[in-house]
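Asks: Structure for the following, please:
(chains A and B)
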Amino acid sequence: MIVNRSKLSFWERTYLPAIINGFKVTLRHFFKKKVTMQYPEEKWTLPEGYRGAPLLVKDPEDRTKCVSCQLCEFVCPPKAIRITPPGPEVNPELGNVEKAPQEFEINMLRCIFCGYCQEVCPEEAIFLKSDYSLTGESREEMVYNKEKLLEMGGIHQDQIWKWKNK
Amino acid sequence: MSKAADATKNGEAAQVETVPVKVDGILVNVPKTSPDPVTGKPIPTTMIQACSMAKVDVPHYCYHPKLPVAGNCRMCLVEYGMQAMGPDRKPVVDDNGDPVVRKMPRPAIACATPIAPNMEIYASSPGTIEMRKDVLEFLLINHPLDCPICDQAGECKLQEYSVEHGGANSLFREQKVHKPKQVDLGPRIMLDDERCILCSRCIRFTRDIAGDDALGFVNRGSYNTLTTYPGKSFDNNYTLNTVDICPVGALTSKDFRFQMRVWFLKETKSLCASCGTGCNIVVGSREGSIKRFEPRENDGVNSSWMCDEGRLNYKWVGREDRLKDIVIYDNGESLEADWDKAVSHISEILRSVDKGSTAIIASARQTNEELFLISQIANLLDSFTESIPRIGEGDSLLVNTDKNPNTSGVKMMGLSSGELGSNLNKILEKVRSGEVKTLISFGEDLTRHGFDDEALEKLDHLIVSDILPNGLTEKADVLIPGCAHVEKKGTFTNVKGRIQRFYPATPAPGAAKPEWETLLAVLKQIGNVPESVKGVESLFQWMAQETSELEGLTWSELGDQGVTVEL
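Replies: Have a look, this model is predicted:
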């Protein structure tokens, strides 16, 4: 394609009209209401259903809801989840909780926040919460372990209490 | 079990009169009688057997082809039709001479109803499909929603049939009956009574196959519960088979409990190497670690079963102290060693030795191919060869007294004359007298068989290949780490002369390589190997050419079930 470039007049060649027009725009916005948000001091109100970091939640009686069924590990498209099942040894600390993960790791660098883990979870133990600003200084730091996931996830108020009547 | 297998082998089944049966419109000629799975005596063939011959799948829980029929789960209910009878008590035929078949008013359980001539089985009629749905709903009434924590999930018949044949909703609104959970049934078995659907497969297996009448049902109705005799433990050597045949997650293995969900397991066809029977198994592994052994059906060897001892004998494979590094000592100096260097070092030694001054101790845990290569090397060097026997307790079912998986292979390759191990003392004497200067040992700790420091010091060279560290590996001049049989490809010959293949399930640790690779590389340097020999298959081909017992046999001919040869 050939673009015909019209010859600029002397006045235009001084670039002054372009500069003046630019300043006009700047000046107009100077007196308008400011649209910039002062992140991170100010933050967005997230819409409902926002898909942030997948986190583990506890039931209202402070028990880990996850039973280590490994469906999320199976369904996870980027293979960000890794669960270590508890094995045959019975942990007396867990009381009537028959099965809980020994370790639960999510690699937040791999996670694509698709929400499949939340969708597949039969115990409603993993939720994509509103955390979106995940930072760390190393790759290792970005692999969240069970402790961290549970702490960030908090207690979930719902009626699915797997171990209540067991 | 073996009697039933024998009956089919002798061709008795072929001589039995057949009757025409139609399954979903497919005409099959079914033998009138089939051997009883336990006694082997001919008993009437049932509808479910006819369906399986017609390759029509009839869902079932309590029926198992290797167990006596119980007929209590009702899952295999089918509608069927029989040839009409005239008033003269003769079968009615239409104008064309074809039989007139009338649908029976009520369904029957396919597993316990004998076939009759011209019977028609409607395995996928609307009525049959509706009944399956309802039977499943009944079975699920007291079944807990335990799938997320149940080890059976993924290979559970209740799950599979619920998806395939079940309805989405249950009409049951009342409280479920709660039964005992986490019941310690025996040293290897954990029972969850709530999950049990009372099919009684485990009861029949342990009573009729294992010969230990240990299990039974107590209480009635919804409270019917599987249990052992009070105070008795379910602890025979075949208990874990009940876990395999349990269609749901009621009986679970304590060893495999909560180890890994089954859908993550890579399944590799292999053999059990714990005794000379050579039970066919499937190795379940994930990310290079073995999670479980399960029996694989082979009517010529182990039917569908295996013993607990063999099944749990896998943990040593993943041991931390496995030999991982190649070690070469030359005049007391440890050389930097990789596999290529080790091969040329060994070849150099073997080229320099006098004929008749070497001895090779092969292991009856090695594959036929490896033993063949050893015999080739032994022929070149005029070596003394021997292997070491392992004798233990056997039983009448599967466990053999010979604890080596490949004693027949050692004999077939001519590495041991007479009784296994009978020449060991002669070799020891020759080592002591200085006649034998170079000793090669594969996977056997000779220090436990009289080869003390005094004898070993007389040797010029001690070449050792092993898997785990032991007394002999510490003394070796050249140490090559080897592979467990689940880490390599090859064949074993069981005590009855059945040659069976197995495949690698997990990778070998560190520098360990299958012994056949090392042996083949050494033999290529010191002797003649046909051009074509590269992998295990071509090696097997070469072995079959050179061994009279294996004449004409090919790797592919072995299949998954193996071939029996005359020993």
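Asks: Could you look up the SS state of B:Met306?
Replies: Following DSSP: H, G, I helix; E, B strand; the rest coil, B:Met306 is assigned to coil.
Asks: from what I can see it touches B:Glu297, true?
Replies: No. B:Met306 lies out of contact with B:Glu297 (C-beta atoms under 8 Å); the separation is 10.7 Å. Heads up, the C-betas are built off the backbone N, CA and C, glycines and all.
Asks: So which of these two has more stuff around it?
Replies: Neighbour count, other C-beta atoms under 10 Å in any protein chain shown: between B:Met306 and B:Glu297, B:Met306 has more, with 27 against 15.
Asks: List the contacts of that one.
Replies: Residues in contact with B:Met306 (C-beta atoms under 8 Å, 6 or more residues apart in numbering or on different chains) are B:Asn241, B:Cys272, B:Cys279, B:Ile281, B:Phe293, B:Glu294, B:Pro295, B:Leu398.
Asks: need the contact list for the fourth one.
Replies: Taking C-beta under 8 Å, 6+ apart as the criterion, B:Ile281 is in contact with B:Lys269, B:Ser270, B:Leu271, B:Cys272, B:Phe293, B:Glu294, B:Pro295, B:Arg296, B:Met306, B:Arg311.
Asks: how about the third one, what does it touch?
Replies: This points to B:Leu271. By C-beta under 8 Å, 6+ apart, B:Leu271 lies in contact with B:Gly278, B:Cys279, B:Asn280, B:Ile281, B:Pro405, B:His485, B:Phe492, B:Gln500, B:Phe502.
Asks: one more time with 7 Å, if that's ok
Replies: Applying C-beta atoms under 7 Å, 6 or more residues apart in numbering or on different chains to B:Leu271 gives the contacts B:Gly278, B:Cys279, B:Asn280, B:Ile281, B:Pro405, B:Phe492, B:Gln500, B:Phe502.
Asks: just curious, which of these is nearest to chain A?
Replies: B:Ile281 (20.5 Å; C-beta to the nearest C-beta).
Asks: tell me which element that closest one is part of?
Replies: Assigned by DSSP states H and E, B:Ile281 belongs to strand B:280-286.
Asks: and that strand, which strands flank it?
Replies: strand B:266-271 (antiparallel), strand B:289-295 (antiparallel) (DSSP bridges).
Asks: What are the buried residues along the longest helix along chain A?
Replies: Assignment by DSSP state H gives helix A:16-30 as the longest helix of chain A. When burial is assessed from 16 or more other C-beta atoms under 10 Å in any protein chain shown, helix A:16-30 yields no buried residues.
Asks: got it, and stretch B:304-315?
Replies: B:Ser304, B:Trp305, B:Met306, B:Cys307, B:Asp308, B:Glu309, B:Gly310, B:Arg311, B:Leu312, B:Tyr314.
Asks: And stretch A:35-48, by the same measure?
Replies: Buried, per 16+ other C-beta under 10 Å, within stretch A:35-48: nothing.
Asks: Identify the residues contacting the lowest-mean-pLDDT helix or strand in chain A?
Replies: Lowest on mean pLDDT, DSSP states H and E among the helices and strands of chain A sits helix A:10-13, with a mean of 92. Applying C-beta under 7 Å, 6+ apart, the external contacts of helix A:10-13 come out as A:Pro17.
Asks: and the residue of the stretch 301-450 of chain B nearest chain A?
Replies: Residue of the stretch 301-450 of chain B nearest chain A, by C-beta to the nearest C-beta: B:Leu312 (12.0 Å).
Asks: If we ignore the residues flanking it in sequence, what's nearest that residue?
Replies: Leaving aside its chain neighbours, B:Leu312 sits nearest to B:Asp255 (5.8 Å; criterion: C-beta to C-beta, 6 or more residues apart in numbering or on different chains).
Asks: so that neighbour sits right up against B:Arg188, yeah?
Replies: Yes. Here B:Asp255 reaches B:Arg188: they are 6.5 Å apart, a contact under C-beta atoms under 7 Å.
Asks: Got the phi and psi for the residue in the stretch 401-550 of chain B that chain A sits nearest to?
Replies: Shortest the stretch 401-550 of chain B-to-chain A distance, computed as C-beta to the nearest C-beta: residue-wise this is B:Thr506, at 18.5 Å. Phi and psi for B:Thr506, reported as degrees, to the nearest 10, are phi -130, psi 160.
Asks: now swap in the one 10 residues further on and tell me
Replies: Main-chain torsions, B:Trp516, degrees, to the nearest 10: phi -60, psi -30.
Asks: Tell me how many other residues surround B:Thr252.
Replies: Other residues lying near B:Thr252 total 25 when counted by other C-beta under 10 Å.
Asks: typed the wrong thing, it's B:Asp208
Replies: For B:Asp208, the neighbour count with other C-beta under 10 Å is 17.
Asks: Got the phi and psi for it?
Replies: phi -90, psi -30.
Asks: Can you give me the domain assignment for chain B?
Replies: According to automatic domain parsing, chain B comprises the domains B:2-134, B:143-258, B:327-564.
Asks: Chain A contacts on the stretch 1-150 of chain B?
Replies: B:Cys147, B:Pro148, B:Ile149 (C-beta under 7 Å from any C-beta of the partner chain).
Asks: quick one: the last one and A:Pro101 touch, right?
Replies: No. The pair B:Ile149 / A:Pro101 is not scored as a contact, 11.2 Å apart, by C-beta under 7 Å.
Asks: Give me every residue in chain A lying close to chain B.
Replies: With C-beta under 7 Å from any C-beta as the criterion, chain A comes near chain B at residues A:Val67, A:Cys69, A:Gln70, A:Phe74, A:Pro85, A:Pro86, A:Gly87, A:Pro88, A:Glu98, A:Lys99, A:Pro122, A:Glu123.
Asks: Give me the nearest residue to the second one, chain neighbours excluded.
Replies: The reference is to A:Cys69. Nearest non-adjacent residue to A:Cys69, counting by C-beta to C-beta, 6+ apart: B:Pro148, 3.8 Å away.
Asks: Reduced to three states, what does the one you found come out as?
Replies: For B:Pro148, the secondary structure call by three-state DSSP comes out as helix.
Asks: Count residues in the vicinity of it, would you?
Replies: Neighbours around B:Pro148, by other C-beta under 10 Å: 19.
Asks: Likewise for B:Ile149?
Replies: By the measure other C-beta under 10 Å, the count of residues near B:Ile149 is 23.
Asks: mind putting the strands paired with strand B:280-286 in TSV, mean pLDDT included?
Replies: Output for these, formatted as TSV (pLDDT from 0 to 100):
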stretch	mean pLDDT
strand B:266-271	97
strand B:289-295	96
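Asks: Export these to CSV and append columns for distance to B:Ala54.
Replies: As requested, the strands paired with strand B:280-286 are exported to CSV (distance: least, C-beta to C-beta, whole Å):
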stretch, distance to B:Ala54
strand B:266-271, 28
strand B:289-295, 27
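Asks: Helices of chain A, start to end?
Replies: Along chain A, counting by DSSP H, helices occupy A:10-13, A:16-30, A:71-75, A:116-120, A:146-153.
Asks: Could you tell me the least trusted of those helices?
Replies: Across those, helix A:10-13 has the smallest mean pLDDT, namely a mean of 92.
Asks: That one: how far from the chain's middle?
Replies: Put simply, helix A:10-13 sits 53 Å off its chain's centre (C-alpha atoms, centre = their mean, to the nearest Å).
Asks: how about the CA coordinates for that helix, as PDB?
Replies: What follows is helix A:10-13, C-alpha atoms only, in PDB (Å, rounded to 0.1, in the frame of the first residue of the first chain):
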ATOM      1  CA  PHE A  10       5.400  26.000   7.300                       C
ATOM      2  CA  TRP A  11       3.100  26.600  10.300                       C
ATOM      3  CA  GLU A  12       2.600  22.900  10.700                       C
ATOM      4  CA  ARG A  13       6.300  22.200  10.400                       C
END
